Structures are given as structure tokens and as C-alpha cells.
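>>> structure here, sequence nowhere to be found:
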């Protein structure tokens, strides 16, 4: 599978497309074929080496994805196979396939495209928390 690998701290020039073996889900994990990955401020800061607790380089960025469950590990509900899902990956999402904990999966609403859904775990929830929870926005 292909991944976008960040080779060192810096701008977009440090991003490289590389081949990697397909990951395998362990217990309580699912393998997602990624249809869309979010790109958010955490990814940019991590790529620049400015994100607290960011991944060590080389690494694969991508904090949020939307895709289809292709494989599940032991202990994971097999009904997830073939389902369109949204997941928070905590990096690693800019890959054709990614493994996540089952608890990080949410079924994708059919009304959303994969691209729209990929922005929900971090971008939407951050905006919601700032506007509604912290900012007191009401109807």
C-alpha cells in the first residue's frame, strides 16, 4: 500500500509517497481502507515538529479518516466488515489502509461523502467545542 511519509521536520517538501506492507489488525482493532483523510492543524504542527507529543520522524501523518472496514481482529464485531466508517487515528491516516482500535470507529452517516466525513473526528469536533462548549453559542 502507499503512504505519505514525513521524513523530517519541515514544510510540504518533507512529504514522500512510499510503499509499505499492509497492516494487520490485532485484538480489538479493525483495518480500514481509507477513502479520505483529513488534514488539520495537528498534522501541520506535527510535520513541523511543533506538536506536543507528536510522532517521531519518519512517520505517517493523518489524524482522521473515513473509509470502509476490510478486516477485523479478534474480539471485534464482524458486522463492521464492509461498513463505511469514520475514525480518529492519532496519526497514520495518510495511508491507503490504517489499523485503529474498534472504540475509535463511528459509522459514517450515509448523507455525508467520505471527504466530508473525514473532517469530523478532529476538525468538526474542535470547532464544535470552541463555539458551543467554550464559546457558549446557542440557537
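Received the coordinates, thanks. Keep in mind that this is a model prediction, so the values were computed, not measured.
>>> my guess is residue 1 contacts residue 17. True?
No. Applying CB atoms under 8 Å as the test, residue 1 and residue 17 come out as separate, 10.9 Å apart. For glycine as for every other residue, the C-beta is placed from the backbone atoms N, C-alpha and C.
>>> between those two, which one's more packed in?
residue 1 (14 against 9; other CB atoms under 10 Å).
>>> let me see the ranges of the helices in the chain.
Shown for the chain, the helices assigned by DSSP state H span residues 41-47, 114-118, 125-128.
>>> show me what the first one is packed against.
With contacts defined as 3 or more CB pairs under 8 Å, 6 or more residues apart in numbering; DSSP states H and E, there are no secondary structure elements packing on helix 41-47.
>>> how about the second one?
Contacts of helix 114-118 with other secondary structure elements, assessed using 3+ CB pairs under 8 Å, 6+ apart, are made with strand 29-37, strand 64-72, strand 84-88.
>>> in the second one, what's buried?
Okay, so that is strand 64-72. Residues 64-69, 71-72 are the ones in strand 64-72 that count as buried (16 or more other CB atoms under 10 Å).
>>> what residues are bridge-paired with the most centrally placed residue in the chain?
Compute the mean C-alpha point of the chain, and by CA atoms, centre = their mean the closest residue is residue 64, 2.5 Å away. In this entry, residue 64 is beta-bridged to residue 88, by DSSP bridges.
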